[in-house]
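Engineer: With the input below, show me the fold.
(one chain, ligands or ions: 1)
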Amino acid sequence: MPVLLITAIFGALGGILILLIRYFSVKKQYAGPDSPDSGIPDIPEPDFDGFVHRLRRMIQIPTVSWTDRSKRDPALFSQFQDELVRLYPRVHQSLGREVHGDFGLIYHWQGKATGKKPVLFLAHYDVVPAEERGDETWEESPFSARVRDGVLWGRGTLDIKSQLAFTMETAELLLKEGWQPDRDIYFAFGGDEEISGREGAQNMAGLFKQRGLEFEFVLDEGGIIAKNQLAFLKDRPAALVGLAEKGFVTFEITAKGESGHSSMPFKEGTAVGRLARGVVRLEKRPFPTRLDPVLSNMLERFVPYVSTGLGIVFSNLWLTRPLIQYIFSKNKVTDSLIRTTQAVTVFKAGEQENVLPGEAVCLVNHRILPGDTIEMIGRRHRQTLGDEGLTLADAGNWPSNDPISAGDTGDTGFKLIRKVLAVTHPGVITVPYLVNGSTDSKYYRDLTGQILRFCPLVLTPEDVATIHGVNERVSLENLEKGLRFYLQLFSHL
Ligand SMILES: [Zn+2]
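Structural biologist: Residues are numbered from 1 along each chain as shown. Okay, the predicted model is just below:
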């Protein structure tokens, strides 16, 4: 045999060996299933019927956040706050409560002063409107909070009054048992998360900062227990704990032109044409793809649960990264996880068909991948537009922020969630995740080294589609497990 062929065979065998060694080592490292270790505290038995009744009362108050703030009814928000006082008497006897502005609600539970850092639980009690569009109709009226066949229907059942209810119910029950946490626990509930969180979360975070508070971890919404969402896991659920969150910025691009009579247009065209050409240049140049470390780690943690072939791919990202990025880029959901996205959402120009417009404006919304920044995006766009006549500025309607990565799988918060899930949701694989939406937790980024975005509800793709859509609902079984998760979690604090 020629020497070259022998070398090639040995080379190939060596390559395969390296892939396999890495595969078996990653598989062993993350082998599970996650199982409860020692030290599971006894938790009191929840009053589940009472819990459902209390959550129903919360759903029935239509605390709707409208983008047009004049449509919002502040009386409903105070009614919700008052209802909490009625539903949770022990919490209101024992915990400090502050209403901050019209929409911020803070509770402070004094711990045993053991020197442990406090923790902060977030949720929001506003919901998006529940209007019906076209042939999308609600099977049950969105604010009736009807329970039918073991399912609670209504706007806010998933996003996210259930999480607020878990927090309050847990505190009420533990207070009844005479339990006191080792450390201080804070709750901060916002009433305007769906329209930016500027009035609620931003102000509350400012207040905590003024008081010099620093939290061990902050738990907010953002991740869920995904079921039937990842084909390669078959029906095994995965708890997606958001350790990173994409940034947010909307740029306004303006083209100026000369107005005049449309019967005598300028040779160089109108402001509309100029802006349109700029938009085409942007859309032809999407941001590059990149696999964030959080997602790399997520894929590695799936290795013990997928086929050997896929396991070899997930455990050898040093080699297979381009392949993964290519596959992710083929689907809009996974594509949004591997690049900064840009979407032209508003285009405004012209008033009348026979008048040349003097100005054209568009808005381009971005969700920023960790590693990129608002400043970088602005620089890149100016270069891509390549037109001095187009001005670019942060639109400023919503607060913009760079991406946030706070926390690691080795930190206390992630480990605690994993440990508790092993008890309340056995068989679930707990993985880190990149949240591509925006949550209230971004305002608390300077107050902690760990932000965890997670709500312990098991959701299928059909369930997820009802969030901000019609027929939002949650099964009672799901709620019961979620409540047990919170009880376990608090008992470990
Ligand atoms: Zn929400």
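Engineer: hey, let's count contacts and neighbours off CA atoms from now on
Structural biologist: Fine.
Engineer: tell me which element Pro181 is part of?
Structural biologist: Using DSSP states H and E, Pro181 sits within no helix or strand.
Engineer: just Leu392 next, same as before
Structural biologist: strand 390-394.
Engineer: In terms of secondary structure, what does that strand contact?
Structural biologist: Under the contact definition 3 or more CA pairs under 8 Å, 6 or more residues apart in numbering; DSSP states H and E, strand 390-394 sits against strand 247-256.
Engineer: Please work out which residues outside the strand holding Leu392 touch it.
Structural biologist: 249-256, 275, 278, 378, 382, 400 (CA atoms under 8 Å, 6 or more residues apart in numbering).
Engineer: partners of that strand in the sheet?
Structural biologist: strand 247-256 (antiparallel) (DSSP bridges).
Engineer: buried sites along whatever helix or strand Gly309 lives in?
Structural biologist: Taking DSSP H and E as the definition, Gly309 sits inside helix 308-315. Buried residues in helix 308-315, counted by 16 or more other CA atoms under 10 Å: Leu310, Gly311, Ile312, Val313, Phe314, Ser315.
Engineer: and that helix, what does it pack onto?
Structural biologist: helix 3-29, helix 293-302.
Engineer: how about a cut-off of 6 Å?
Structural biologist: Under the contact criterion of 3 or more CA pairs under 6 Å, 6 or more residues apart in numbering; DSSP states H and E, helix 308-315 touches helix 293-302.
Engineer: Pull out the buried residues from the helix it packs on.
Structural biologist: Those would be Val294, Leu295, Ser296, Asn297, Met298, Leu299, Glu300, Arg301, Phe302, for helix 293-302 by 16+ other CA under 10 Å.
Engineer: for these, which one is nearest Gly396?
Structural biologist: Nearest to Gly396 among the buried residues of helix 293-302, counting by CA to CA, is Val294 at 29.0 Å.
Engineer: so what's that closest one up against?
Structural biologist: Residues in contact with Val294 (CA atoms under 6 Å, 6 or more residues apart in numbering) are Pro432, Tyr433.
Engineer: now could you export just the CA positions of the helix or strand following the helix holding Gly309 as CSV?
Structural biologist: Using DSSP H and E, the helix or strand that follows helix 308-315 in sequence is helix 317-328. The C-alpha trace of helix 317-328 is given here as CSV (Å, rounded to 0.1, in the frame of the first residue of the first chain):
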residue,chain,number,x,y,z
LEU,A,317,-18.8,22.1,18.4
TRP,A,318,-15.1,23.0,17.8
LEU,A,319,-15.6,21.3,14.5
THR,A,320,-19.4,21.3,13.8
ARG,A,321,-20.2,24.9,14.8
PRO,A,322,-20.6,26.1,11.1
LEU,A,323,-23.0,23.2,10.5
ILE,A,324,-25.1,24.0,13.5
GLN,A,325,-25.2,27.7,12.5
TYR,A,326,-26.3,26.7,9.0
ILE,A,327,-29.1,24.5,10.3
PHE,A,328,-30.2,27.1,12.8
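Engineer: follow-up on the earlier one: would you format the buried residues of helix 308-315 as CSV with distance to His261 and pLDDT included?
Structural biologist: Listed next are these as CSV, based on distance: CA to CA, whole Å; pLDDT from 0 to 100:
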residue, distance to His261, pLDDT
Leu310, 63, 96
Gly311, 66, 97
Ile312, 66, 97
Val313, 62, 97
Phe314, 62, 97
Ser315, 65, 97
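Engineer: With distance to Lys209 as extra columns, can I get those residues in CSV?
Structural biologist: CSV is the format used below for these (distance: CA to CA, whole Å):
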residue, distance to Lys209
Leu310, 46
Gly311, 44
Ile312, 46
Val313, 44
Phe314, 41
Ser315, 41
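Engineer: closest to Gly437 among these?
Structural biologist: Set against Gly437, the nearest of the buried residues of helix 308-315 by CA to CA is Phe314 (24.9 Å).
Engineer: Look up how far Gln229 lies from that closest one.
Structural biologist: Distance of Phe314 to Gln229, given as CA to CA, to the nearest Å: 18 Å.
Engineer: Repeat that for Gly156.
Structural biologist: 22 Å.
Engineer: With neighbour numbers in mind, choose between these two.
Structural biologist: Gly156 (32 against 18; other CA atoms under 10 Å).
Engineer: Tell me who's in contact with the more buried one.
Structural biologist: Val127.
Engineer: so what's it scoring on pLDDT?
Structural biologist: We have a pLDDT of 97 for Gly156.
Engineer: could you say which helix or strand contains it?
Structural biologist: Using DSSP H and E, no helix or strand contains Gly156.
Engineer: How much space separates it from Ser162?
Structural biologist: 7 Å.
Engineer: same question, Ala276
Structural biologist: 44 Å.
Engineer: Between those two, tell me which one has more neighbours.
Structural biologist: The residue with more neighbours, out of Ala276 and Ser162, is Ser162; 27 against 17, by other CA under 10 Å.
Engineer: I'd like the distance between the more buried one and Met168.
Structural biologist: 10 Å.
Engineer: swap in His108?
Structural biologist: According to CA to CA, His108 stands 12 Å off from Met168.
Engineer: Spell out which residues are contacts of both of these two.
Structural biologist: With CA under 6 Å, 6+ apart as the test, His108 and Met168 reach no residue in common.
Engineer: picking that back up, check which element follows the strand holding Leu392 along the chain.
Structural biologist: Taking DSSP H and E, what comes next after strand 390-394 is strand 404-405.
Engineer: Show me which parts of stretch 324-337 are buried, residue by residue.
Structural biologist: Those buried within stretch 324-337 under the rule 16+ other CA under 10 Å are Ile324, Gln325, Phe328, Ser329, Asp335, Ser336, Leu337.
Engineer: From these, pick the one nearest Gly206.
Structural biologist: Once CA to CA is applied, the member of those that ends up nearest Gly206 is Leu337, at 29.9 Å.
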